[in-house]
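**Student:** build me a structure from this.
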Amino acid sequence: MSKGRLLLVDDDRLILATLSPGLRAAGFEVLAAESGEQALEILGREQVDLAVLDVCMPGMSGIEVAKHLREHTQIPFVFLSAYGDDDIVSQGVAEGALVYLVKPLDVSQLVPAIETALSRSHDLHQLRQAQDQLTTALAGNRSTSVAVGLIMERYRLSERDAFERLRMFARSNRRKLHDVAEEIVNAAESFNLPGGGAAAT
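**Tutor:** Next comes the predicted model:
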């Protein structure tokens, strides 16, 4: 079973010829490109899980390819470079590279880095999904927003963690999130009535 589909981009054909078979032997599917322009052509017709980009290439650099990926896709990427100076590393970090590796390197060094990058990408994707769910719920439902605020205050949680606790409670009790949120809000409002009386129905 494939560990993932990679796009390997490097203007050095020897590196492509060396790393591609090794990555395939390690369980990855590999598409290879000799330039940034060719990489974009491949990305226009193929789905990949991760791009491995050489930073310095004639024509379109790896930094430029990474910028395109960041702005137009959700494909994560790592950088390979023969250079280790601070400026290039800073550029790579600014574009969102998950890993930065300095050549020369062999497959035994590259595989763990790719596996780490794929794992981090998966975690970030799940975090973005949870954040999107939170934003949607809070924007569209006052009761959910208030309930999350109450949970944040009561348990000293972040907004995301409070929402997740509310969501998990609703799921474990096979109830709708909105219904649970309204129950929490109603209970809080009843408790705060003058004299501690129950709210009139």
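
**Student:** distance of A32 relative to N173?
**Tutor:** Going from A32 to N173 by CB to CB, to the nearest Å gives 51 Å. Bear in mind the C-beta positions are built from the backbone N, C-alpha and C, glycine included.

**Student:** what's the answer for L16, then?
**Tutor:** Applying CB to CB to L16 and N173 gives a distance of 54 Å.

**Student:** more neighbours: the two, which one.
**Tutor:** Higher neighbour count among L16 and N173: L16, with 18 against 10, using other CB atoms under 10 Å.

**Student:** hang on, that one packs against L31?
**Tutor:** No: using CB atoms under 8 Å, L16 is not in contact with L31; the gap is 10.5 Å.

**Student:** shared neighbours of those two, anything?
**Tutor:** Shared contacts of L16 and L31, defined by CB atoms under 8 Å, 6 or more residues apart in numbering, are found at L8.

**Student:** where's L69, which helix or strand?
**Tutor:** helix 62-72 (DSSP states H and E).

**Student:** after that helix comes which helix or strand?
**Tutor:** Helix 62-72 is succeeded, C-terminally, by strand 77-81 (DSSP H and E).

**Student:** tell me the average confidence for that next one?
**Tutor:** The pLDDT scores in strand 77-81 average 86.

**Student:** beyond it, next helix or strand please.
**Tutor:** Immediately after strand 77-81, counting by DSSP H and E, sits helix 86-94.

**Student:** what sits up against that following helix?
**Tutor:** With contact meaning CB under 8 Å, 6+ apart, helix 86-94 is reached by 55-56, 63, 66, 79, 81, 100.

**Student:** next, the buried residues of stretch 71-81.
**Tutor:** Neighbour-count burial for stretch 71-81 flags 75-81 (criterion: 16 or more other CB atoms under 10 Å).

**Student:** next one: that stretch to chain centre, how far?
**Tutor:** Mean-position distance between stretch 71-81 and its chain equals 11 Å (CA atoms, centre = their mean, to the nearest Å).

**Student:** please enumerate residues in contact with that stretch?
**Tutor:** The contact list for stretch 71-81 (CB under 8 Å, 6+ apart) reads 10, 15, 43, 48-56, 62, 65-66, 69, 88, 92, 95-103, 105, 113-114, 117-118, 120-121, 124-125.

**Student:** thank you kindly, that will do.
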